[in-house]
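**Student:** The following comprises the amino acid sequence and a computationally predicted model.
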Amino acid sequence: MTLSQKDIIHLAHLARISLSEEELVAFEQELPSILQFVAELNSAPTDAVEPMTGGTDLVNVMRDDAIISPLGDPVELRAAFMATDARGSAIVPQVFSSHYNSPDGNLE
Amino acid sequence: MKLEELSIRSFAEGLRRKQFSAIEVTEAYLKAIQERDGVLHSYLFVADEVARTSAQKIDEALASGDLSSPLAGVPFAVKDNIAVEGLPSTAGSRILEPYIASYDAGVIRRLKSYGAVILGKTNLDEFAMGSSTENSAFGATKNPADLARVPGGSSGGSAAAVAGNLALAAIGSDTGGSIRQPAAFCGVVGLKPTYGRVSRHGLIAMASSLDQVGPFGKCVDDAAIIYRAIAGHDRYDATSVPRDVEGDKQVSLTGIKIGVPKEYFAEGLNPDVARRVHSALGQVEAAGATLVEISLPHARYALPAYYVIMFAEVSANLARFDGLRYGFRASSPTLHALYEETRNQGFGREVKRRIMLGTYVLSHGYYDAYYVKAQKVRRLIRHNFAEAFKKVDVIMGPTTPGVAFKFGAMFADPLSMYLEDIYTVAINLAGLPALSMPCGRIADEGKELPVGLQLIGPWFDEAKLLGIAEACESVLGFRV
């Protein structure tokens, strides 16, 4: 089990954490040794075992979705109370300032 | 009144007989904290004014006969990852340093309704990740039994506060041993209830399928009284189970079958701890119980399965600390940099390590090999316990492989610290109730250090577990 510095940087990017040079070096040693330790799981026989996905045997009580409009037609309601465009979508004020826009103009 | 002699029951009796008032006892604890917590560092925040006000109200309610509760006026310490309205809840992390809780956690609502007095918030490993409190962003807590040693963790502040008589009782949380291990290291009683038994609402989540809130007390009876107050369904926690909580159960050791897992006395256990635990089991056997050797065949997989599942849940749960919603925010020119810098500056090394590992085990190509595999092993471990409980009433063994270690002894090597949890994590994976109680002391480098006996009970049968523990306590004779 090895992780290159590039792998660590990629993981840090996925986890939205920037790491110091010192942390990078430390994690390059520590993370593989911990992953090596948990790899012992591979020797556990788990054929035909269902994963246990939570802490209890409780199950969600499910029902099919039912669409109801207790206040009337949503398109008409929007038109009555809000500014709408040609498709009936509500128009709201812009909430993201250009401060957080990336240089190419897209929200990051 | 001597703080070291108080139990919850003797405190209530003293209040009733007007030997002291709630405010006098609260003042005595606040004074003790002021005098001695500079050294121990069990508290991160002392809520002295809030505590005085609530103790005075309790005295008024008692005088007018409006209040009758076993916890009325009892001074509590609360782990700082549990929300108490108006008080800081840092979870031991820089990222939550400026955060003030806006509501009471489920357990706190219950404690307050019973008239408990909250003295303050206790130290912990950052986000409850650790076994020594050395991972706290605000400095480690010391063990009252030997100031050169750790109190255990992650609820080390709560355990040290009770052991050091800086609170009559305390609340902690246990994800892989974080109540039981510090209870063992500090020589107090700590209970992790069945998963789903006590509300997790308002507990800052670490690993949601493993986390459970529970009490610390100076004796089994104290832990039992608190447990009965905090247990029960909470509609704000979707995993809390709507089941009745049983009352006190008197248990005679005669005829009780105690399972002793051979895997819990294998390599890695300190021989002096093993002798101490065997000797305690011998005393319990002499009092009428039957010892039965059992096997938990998948025990060796518990630690790796626990760590994979916990890493995964940590990386998901801690994604909410993004600099936008809570606490600390780094100054950065772009949104992406704001996330990364806030988390870089706000989280400590162990938290980052676990988030990175969780991200790894959940990532494409590794999800089945690590995460799903660990969930399958989790089911096998749960099944091992279910089989064992067909044969025995309770399972007993050491809580930890050794006694409290010195500061820095494990800090440099994360894996050695993880091995501290070897006897406790399987219980969280299975969702079982378990407690640690003192079973004597052993000498280590000239210090007499507490040893913890772990008792594991069947799901939702805390009443029996506590009953057996109390019977053992009277045989063993170790009480703070």
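**Tutor:** Here it is on my side, so go on.
**Student:** is it fair to say residue B:95 lies in a strand?
**Tutor:** No - read with DSSP: H, G, I helix; E, B strand; the rest coil, residue B:95 is helix and lies in no strand.
**Student:** isn't it right next to residue B:341, touching?
**Tutor:** No - at 11.5 Å, residue B:95 does not count as touching residue B:341 under the criterion of C-beta atoms under 8 Å. Yep, even glycine has a C-beta here, placed from its N, CA and C like the rest.
**Student:** Looking only at neighbour counts, state which of the two leads.
**Tutor:** Set side by side, residue B:95 and residue B:341 show more neighbours around residue B:95, with 27 against 20, by other C-beta atoms under 10 Å in any protein chain shown.
**Student:** Just give the nearest non-adjacent residue to the more buried one, would you?
**Tutor:** Leaving aside its sequence neighbours, residue B:95 sits nearest to residue B:346 (C-beta to C-beta, 6 or more residues apart in numbering or on different chains; 3.0 Å).
**Student:** Got the phi and psi for that neighbour?
**Tutor:** Torsion angles at residue B:346 (phi, psi; degrees, to the nearest 10) stand at phi -80, psi -30.
**Student:** what residues are up against residue 40?
**Tutor:** In the absence of a named chain, this looks at chain A. Counting by C-beta atoms under 8 Å, 6 or more residues apart in numbering or on different chains, residue A:40 touches B:300-301, B:304.
**Student:** look at chain B instead
**Tutor:** By C-beta under 8 Å, 6+ apart, the residues touching residue B:40 are B:141-142, B:144, B:147, B:160-161, B:164, B:166.
**Student:** now those in CSV, with secondary structure?
**Tutor:** What follows is the contacts of residue B:40, written out as CSV (three-state DSSP):
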residue, secondary structure
B:141, coil
B:142, coil
B:144, coil
B:147, coil
B:160, helix
B:161, helix
B:164, coil
B:166, coil
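**Student:** Separate out the buried members of the contacts of residue A:40.
**Tutor:** With burial judged by 16 or more other C-beta atoms under 10 Å in any protein chain shown, the buried subset of those is B:301, B:304.
**Student:** List just the nearest of the contacts of residue A:40 to chain A.
**Tutor:** Chain A lies nearest to residue B:304 out of these, by C-beta to the nearest C-beta, at 4.0 Å.
**Student:** I figured that closest one hits residue A:41, correct?
**Tutor:** Yes - between residue B:304 and residue A:41 there is a contact under C-beta under 8 Å: 4.9 Å.
**Student:** hey, what's in contact with both of those two?
**Tutor:** In contact with both residue B:304 and residue A:41: B:374, B:377, using C-beta under 8 Å, 6+ apart.
**Student:** burial measure for residue A:22, as a count.
**Tutor:** 9.
**Student:** And for the one 5 residues further on?
**Tutor:** Residue A:27: 24 surrounding residues under other C-beta under 10 Å.
**Student:** Which pLDDT value goes with it?
**Tutor:** If you check residue A:27, the pLDDT there is 96.
**Student:** and it, what is it in contact with?
**Tutor:** So residue A:27 contacts A:3, A:8, A:19, B:353, B:356 (C-beta under 8 Å, 6+ apart).
**Student:** Surely the last one forms part of a strand?
**Tutor:** No - Residue B:356 sits outside any strand when classified using three-state DSSP, being helix.
**Student:** Tell me which helix or strand in chain A has the weakest average pLDDT.
**Tutor:** Using mean pLDDT, DSSP states H and E, the weakest-scoring helix or strand in chain A turns out to be helix A:74-81, at a mean of 78.
**Student:** CA atoms only for it, dumped as CSV, please.
**Tutor:** Only the C-alpha atoms of helix A:74-81 are listed here, as CSV (Å, rounded to 0.1, in the frame of the first residue of the first chain):
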residue,chain,number,x,y,z
PRO,A,74,-48.4,26.4,-8.3
VAL,A,75,-47.9,28.2,-11.6
GLU,A,76,-51.0,30.4,-11.0
LEU,A,77,-49.9,31.0,-7.4
ARG,A,78,-46.5,32.2,-8.4
ALA,A,79,-48.0,34.4,-11.1
ALA,A,80,-50.3,35.9,-8.5
PHE,A,81,-47.7,36.7,-5.8
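**Student:** Can you tell me what sits against that helix?
**Tutor:** With contact meaning C-beta under 8 Å, 6+ apart, helix A:74-81 is reached by A:71, A:84, A:88-90.
**Student:** does the closest residue to residue B:433 other than its chain neighbours count as helix, strand or coil?
**Tutor:** Nearest non-adjacent residue to residue B:433, counting by C-beta to C-beta, 6+ apart: residue B:194, 4.5 Å away. Assigned with three-state DSSP, residue B:194 falls in the coil class.
**Student:** contacting residues around residue B:194?
**Tutor:** B:212, B:241, B:431-433, B:459-460, B:462.
**Student:** wouldn't residue A:3 be in contact with residue A:32 here?
**Tutor:** Yes - under the criterion of C-beta under 8 Å, residue A:3 makes contact with residue A:32 at 5.3 Å.
**Student:** Have a look at the two and say which one is more surrounded.
**Tutor:** Each of residue A:3 and residue A:32 has its neighbours counted (other C-beta under 10 Å); residue A:3 has more, 18 against 15.
**Student:** Would you confirm that the more buried one belongs to a strand?
**Tutor:** No - counting by three-state DSSP, residue A:3 is not part of a strand but coil.
**Student:** Taking the stretch 1-150 of chain B, what residue is nearest to chain A?
**Tutor:** Counting by C-beta to the nearest C-beta, the stretch 1-150 of chain B gets nearest chain A through residue B:95, at 11.3 Å.
**Student:** Going along the chain, name the strands of the stretch 301-450 of chain B.
**Tutor:** Here the stretch 301-450 of chain B has its strands, by DSSP state E, counting those that start in this stretch, at B:394-398, B:434-444, B:447-456.
**Student:** Tell me where the model's unsure across the stretch 351-480 of chain B.
**Tutor:** B:479-480 (pLDDT under 70).
**Student:** show me the contacts for whichever residue of the stretch 101-250 of chain B sits closest to chain A.
**Tutor:** Using C-beta to the nearest C-beta, the single residue of the stretch 101-250 of chain B nearest to chain A is residue B:195, 3.8 Å away. Contact analysis of residue B:195 by C-beta under 8 Å, 6+ apart lists A:55-56, B:209-210, B:212, B:239, B:428, B:431-432.
**Student:** need the longest helix for chain A.
**Tutor:** The longest helix of chain A (DSSP state H) is helix A:21-38.
**Student:** Is residue B:260 bridged to anything, and to what?
**Tutor:** residue B:293 (DSSP bridges).
**Student:** any idea how far chain A is from it?
**Tutor:** 23 Å (C-beta to the nearest C-beta, to the nearest Å).
**Student:** right, and that residue touches residue B:294 too?
**Tutor:** Yes - contact criterion C-beta under 8 Å: residue B:260 and residue B:294 qualify, at 6.7 Å.
**Student:** Neighbour count for these two, which is higher?
**Tutor:** Neighbours per residue, other C-beta under 10 Å: of residue B:260 and residue B:294, the larger number sits with residue B:294, 21 against 18.
**Student:** Of the contacts of residue B:194, which is the nearest to chain A?
**Tutor:** residue B:431 (4.8 Å).
**Student:** which residues does the closest one contact?
**Tutor:** Counting by C-beta under 8 Å, 6+ apart, residue B:431 touches A:55-56, B:194-196, B:382, B:459.
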